[in-house]
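Peer 1: How does the following fold in three dimensions:
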Amino acid sequence: MTVKLILRNKEYEVKAGMALLDALKKCNIVPESVIATRNGEMITDDEILNDGDVVKLVAVISGG
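Peer 2: Presented below is the predicted three-dimensional model:
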């Protein structure tokens, strides 16, 4: 039971059933630095990840 997180050309695998926020922390990804989408829909940090989910992470670029 796994979930795939994809950031640029890197893939991370985490256990299903955890919240997105916990999955990002486990992969050492700063939650504020990415926007997560599943099936083309944006999801929030408290979203529970299900077995087989593929979550695409888009890096947020900010400038000053």
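
Peer 1: Would you map the strands across the chain?
Peer 2: Applying DSSP state E to the chain gives strands spanning 2-7, 10-15, 34-38, 41-43, 54-59.

Peer 1: For these, give me TSV that also has distance to residue 23.
Peer 2: C-beta: built from backbone N, CA, C; applies to glycine. Output for these, formatted as TSV (distance: least, C-beta to C-beta, whole Å):
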stretch	distance to residue 23
strand 2-7	6
strand 10-15	4
strand 34-38	9
strand 41-43	11
strand 54-59	8
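
Peer 1: who wins for proximity to residue 21 among the ones you listed?
Peer 2: Nearest to residue 21 among the strands of the chain is strand 34-38 (9.7 Å), distances taken as C-beta to C-beta.

Peer 1: Need the residues that contact the closest one.
Peer 2: Strand 34-38 has contacts (C-beta atoms under 8 Å, 6 or more residues apart in numbering) with 7, 20, 24, 42-43, 47, 53-60.

Peer 1: Any of those residues buried? List them.
Peer 2: 7, 20, 24, 43, 47, 53, 55, 57 (16 or more other C-beta atoms under 10 Å).

Peer 1: just those now: which is nearest residue 1?
Peer 2: residue 53 (10.3 Å).

Peer 1: hang on, that closest one packs against residue 4?
Peer 2: Yes. If you go by C-beta atoms under 8 Å, residue 53 and residue 4 touch, sitting 7.2 Å apart.

Peer 1: Could you pull up the mean pLDDT of stretch 7-24?
Peer 2: Here stretch 7-24 scores 97 as its mean pLDDT.

Peer 1: Cool, thanks, signing off.
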